[in-house]
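> Let's see this in three dimensions:
(3 chains)
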Amino acid sequence: MTTKSSFFEDVYAVVRLIPQGRVTSYGAIAKYLGTGMSSRMVGWAMNAAIQADPPVPAHRVVNRHGLLTGKMHFGSPHRMQELLEAEGIKIINDQVQSFESLFWNPLTELEM
DNA sequence: CGATTGACGTACG
DNA sequence: TCGTACGCCAATC
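Next up is the predicted model:
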């Protein structure tokens, strides 16, 4: 893109492309962005993503294990789980059920 | 300006 | 197989 897309904006774009009822991992996004395995940057971007406009469905982004590690950042720890369950995703003990089936890989879906 | 932290992930023991 | 240590890169203190 001619526009100098910031790391954050790029993350927002990918997360916004996540279909409802699907989830992805920080590492997948990080790799898609080409930042390698610096998944921490993705998580940091997510922190700002909540305040981003339009709002980014950060609740669809979980860690490699499918755990809602960032649930505490949604204002209310239960908010993230509520949002995911509202999309039809089952969560038990902060763990996404059938995570592998619900996993949305940007590298595959976007066909890099 | 330097040190620490951070919603992760991989490697090694 | 499980636990601990290290690395990434940027932002915040």
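
> Skipping its backbone neighbours, what lies nearest A:Glu87 in space?
Nearest in space to A:Glu87, with sequence neighbours left out and distances taken as CB to CB, 6 or more residues apart in numbering, is A:Gly21 at 4.6 Å. To be clear about C-beta, it is placed using only N, CA and C from the backbone, and glycine gets the same treatment.

> State the three-state secondary structure for the one you found.
coil (DSSP: H, G, I helix; E, B strand; the rest coil).

> what does A:Ala48 give?
Quick answer, by three-state DSSP: A:Ala48 is helix.

> mind listing what it touches?
By CB atoms under 8 Å, 6 or more residues apart in numbering, the contact list for A:Ala48 reads A:Phe8.

> How many residues are close by A:Glu111?
Other residues within reach of A:Glu111, judged by other CB atoms under 10 Å, total 6.

> That one - that's part of a strand, no?
No - A:Glu111: not assigned to a strand; according to three-state DSSP it is coil.

> tell me which parts of chain A are close to DNA strand C?
Residues of chain A lying close to DNA strand C (CB under 7 Å from any atom of the strand) are A:Phe7, A:Thr35, A:Gly36, A:Met37, A:Ser38, A:Ser39, A:Arg40, A:Met41, A:Trp44.

> coming back round to it: for the residue nearest to A:Glu87, give me phi and psi.
With angles defined as degrees, to the nearest 10, A:Gly21 sits at phi 90, psi 0.

> Quickly note the distance from the nearest residue in space to A:Val96 that is not next to it in sequence to A:Trp44.
Among residues not flanking A:Val96 along the chain, A:Gly66 sits closest, at 4.0 Å (CB to CB, 6+ apart). Noted for A:Gly66: a distance of 20 Å to A:Trp44, by CB to CB, to the nearest Å.

> Those two: who's more crowded?
More neighbours surround A:Gly66 than the other of A:Gly66 and A:Trp44, with 20 against 15 (other CB under 10 Å).

> any idea how far the more buried one is from A:Pro106?
In this structure, A:Gly66 and A:Pro106 are 16 Å apart, going by CB to CB.

> ditto for A:Arg60
To A:Pro106, A:Arg60 is 12 Å away according to CB to CB.
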